[in-house]
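Visitor: from the sequence below, what's the structure:
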Amino acid sequence: MADDAKMTLDVPGLRKLVRTDSQVESRFAKLLQEWRSQTAFESVGSRVVFHPAFRAIVALGPQAIPLILKEMTRFQHVAWLSALADLTGEDPVKEGHRRNARLMTEDWIAWGKSNGLV
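Guide: Okay, the predicted model is just below:
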(Lines give C-alpha, C1' and ligand atoms only; values in the text may rest on other atoms or scores of the structure.)
Protein backbone atom coordinates (compact mmCIF):
# COMPACT_ATOMS: atom_id res chain seq x y z
CA MET A 1 0.00 0.00 0.00
CA ALA A 2 1.39 3.39 -0.89
CA ASP A 3 2.23 5.65 2.02
CA ASP A 4 -0.27 8.27 0.91
CA ALA A 5 -3.02 5.64 0.76
CA LYS A 6 -2.53 4.47 4.36
CA MET A 7 -5.16 5.31 6.89
CA THR A 8 -3.32 7.48 9.39
CA LEU A 9 -4.91 7.73 12.80
CA ASP A 10 -4.78 10.79 14.99
CA VAL A 11 -2.74 9.16 17.74
CA PRO A 12 -3.90 11.51 20.55
CA GLY A 13 -7.51 10.57 19.70
CA LEU A 14 -6.72 6.91 19.15
CA ARG A 15 -8.15 5.56 22.40
CA LYS A 16 -11.52 7.12 21.71
CA LEU A 17 -11.54 5.76 18.16
CA VAL A 18 -10.68 2.19 19.11
CA ARG A 19 -13.11 1.57 21.93
CA THR A 20 -13.93 -2.09 21.53
CA ASP A 21 -17.39 -3.40 22.27
CA SER A 22 -18.34 -6.95 23.23
CA GLN A 23 -19.63 -7.77 19.73
CA VAL A 24 -16.27 -6.89 18.19
CA GLU A 25 -14.45 -8.85 20.91
CA SER A 26 -16.64 -11.88 20.27
CA ARG A 27 -16.17 -11.65 16.49
CA PHE A 28 -12.41 -11.22 16.93
CA ALA A 29 -12.21 -14.30 19.19
CA LYS A 30 -14.16 -16.41 16.70
CA LEU A 31 -12.07 -15.27 13.74
CA LEU A 32 -8.84 -15.71 15.69
CA GLN A 33 -9.73 -19.30 16.56
CA GLU A 34 -10.64 -20.03 12.93
CA TRP A 35 -7.45 -18.44 11.64
CA ARG A 36 -5.23 -20.26 14.12
CA SER A 37 -6.80 -23.66 13.53
CA GLN A 38 -6.67 -23.38 9.75
CA THR A 39 -3.15 -21.96 9.50
CA ALA A 40 -1.46 -23.70 12.44
CA PHE A 41 1.01 -25.54 10.25
CA GLU A 42 1.57 -22.79 7.68
CA SER A 43 4.68 -20.70 7.53
CA VAL A 44 4.22 -16.96 7.35
CA GLY A 45 3.23 -16.07 3.87
CA SER A 46 0.26 -15.44 1.68
CA ARG A 47 -1.78 -18.35 3.07
CA VAL A 48 -1.51 -16.85 6.53
CA VAL A 49 -2.03 -13.15 5.86
CA PHE A 50 -4.56 -13.63 3.09
CA HIS A 51 -6.59 -16.21 4.97
CA PRO A 52 -10.22 -15.04 5.03
CA ALA A 53 -10.39 -15.02 8.85
CA PHE A 54 -7.22 -12.92 9.12
CA ARG A 55 -8.51 -10.48 6.50
CA ALA A 56 -11.82 -10.30 8.40
CA ILE A 57 -9.91 -9.42 11.59
CA VAL A 58 -8.13 -6.58 9.79
CA ALA A 59 -11.47 -5.51 8.30
CA LEU A 60 -12.77 -4.94 11.85
CA GLY A 61 -10.79 -1.72 11.56
CA PRO A 62 -9.36 0.34 14.42
CA GLN A 63 -11.43 -1.54 17.01
CA ALA A 64 -9.22 -4.57 16.33
CA ILE A 65 -6.05 -2.73 17.34
CA PRO A 66 -6.23 -3.29 21.13
CA LEU A 67 -7.34 -6.89 20.58
CA ILE A 68 -4.40 -7.57 18.29
CA LEU A 69 -1.99 -5.94 20.74
CA LYS A 70 -3.41 -8.02 23.58
CA GLU A 71 -3.05 -11.15 21.48
CA MET A 72 0.55 -10.21 20.72
CA THR A 73 1.37 -10.20 24.44
CA ARG A 74 0.32 -13.86 24.57
CA PHE A 75 1.34 -15.18 21.17
CA GLN A 76 3.83 -13.59 18.82
CA HIS A 77 3.06 -13.88 15.13
CA VAL A 78 4.70 -11.70 12.54
CA ALA A 79 1.43 -11.39 10.62
CA TRP A 80 0.18 -9.04 13.36
CA LEU A 81 3.02 -6.62 12.60
CA SER A 82 1.77 -5.86 9.11
CA ALA A 83 -1.85 -5.80 10.26
CA LEU A 84 -1.06 -3.12 12.85
CA ALA A 85 0.92 -1.09 10.35
CA ASP A 86 -2.04 -1.24 7.94
CA LEU A 87 -4.58 -0.35 10.62
CA THR A 88 -2.64 2.47 12.23
CA GLY A 89 -0.40 3.94 9.57
CA GLU A 90 2.29 3.92 12.27
CA ASP A 91 5.70 2.25 12.39
CA PRO A 92 7.07 2.20 15.94
CA VAL A 93 9.69 -0.46 15.16
CA LYS A 94 13.18 0.73 15.97
CA GLU A 95 15.65 0.48 13.11
CA GLY A 96 17.90 -2.00 14.91
CA HIS A 97 14.93 -4.26 15.66
CA ARG A 98 13.91 -4.95 12.06
CA ARG A 99 14.09 -8.63 11.08
CA ASN A 100 13.71 -9.67 14.74
CA ALA A 101 10.08 -10.63 15.33
CA ARG A 102 10.40 -10.64 19.13
CA LEU A 103 11.85 -7.12 19.27
CA MET A 104 9.41 -5.81 16.66
CA THR A 105 6.55 -7.23 18.71
CA GLU A 106 7.95 -5.58 21.83
CA ASP A 107 8.10 -2.24 20.00
CA TRP A 108 4.45 -2.53 18.95
CA ILE A 109 3.36 -3.50 22.46
CA ALA A 110 5.28 -0.53 23.88
CA TRP A 111 3.56 1.68 21.31
CA GLY A 112 0.20 0.27 22.40
CA LYS A 113 0.99 0.93 26.05
CA SER A 114 2.12 4.48 25.35
CA ASN A 115 -1.19 5.09 23.54
CA GLY A 116 -3.29 3.47 26.30
CA LEU A 117 -4.30 0.51 24.15
CA VAL A 118 -2.68 -2.31 26.14
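Visitor: what packs against the longest helix anywhere in the chain?
Guide: When the chain is parsed with DSSP state H, its longest helix is helix 22-39. Contacts defined by 3 or more CB pairs under 8 Å, 6 or more residues apart in numbering; DSSP states H and E place helix 22-39 against helix 52-59, helix 65-74. Heads up, the C-betas are built off the backbone N, CA and C, glycines and all.
Visitor: count of neighbours near S82?
Guide: For S82, the neighbour count with other CB atoms under 10 Å is 13.
Visitor: secondary structure element holding it?
Guide: helix 78-88 (DSSP states H and E).
Visitor: cool, and W111?
Guide: Using DSSP H and E, the element containing W111 is helix 101-114.
Visitor: off-centre distance for stretch 81-88?
Guide: With CA atoms, centre = their mean, to the nearest Å as the basis, stretch 81-88 stands 5 Å off its chain's centre.
Visitor: so which bits of that stretch are buried?
Guide: By 16 or more other CB atoms under 10 Å, the buried positions in stretch 81-88 come out as 81, 83-85, 87-88.
Visitor: likewise for stretch 96-114?
Guide: Buried residues in stretch 96-114, counted by 16+ other CB under 10 Å: 104-109, 111-112.
Visitor: so which of those comes closest to K94?
Guide: For the buried residues of stretch 96-114, the closest approach to K94 (CB to CB) belongs to D107, at 5.8 Å.
Visitor: just give the closest residue to the most centrally placed residue in the chain, not the sequence neighbours.
Guide: The chain has L84 as the residue nearest its centroid, 3.7 Å off, counting by CA atoms, centre = their mean. If the residues on either side of it in the chain are set aside, L84 comes closest to W108, at 5.6 Å by CB to CB, 6 or more residues apart in numbering.
Visitor: show me what contacts the one you found?
Guide: By CB atoms under 8 Å, 6 or more residues apart in numbering, the contact list for W108 reads 69, 72, 80-81, 84, 92-93.
Visitor: now it: how far from P52?
Guide: Remark: distance between W108 and P52 (CB to CB, to the nearest Å) = 24 Å.
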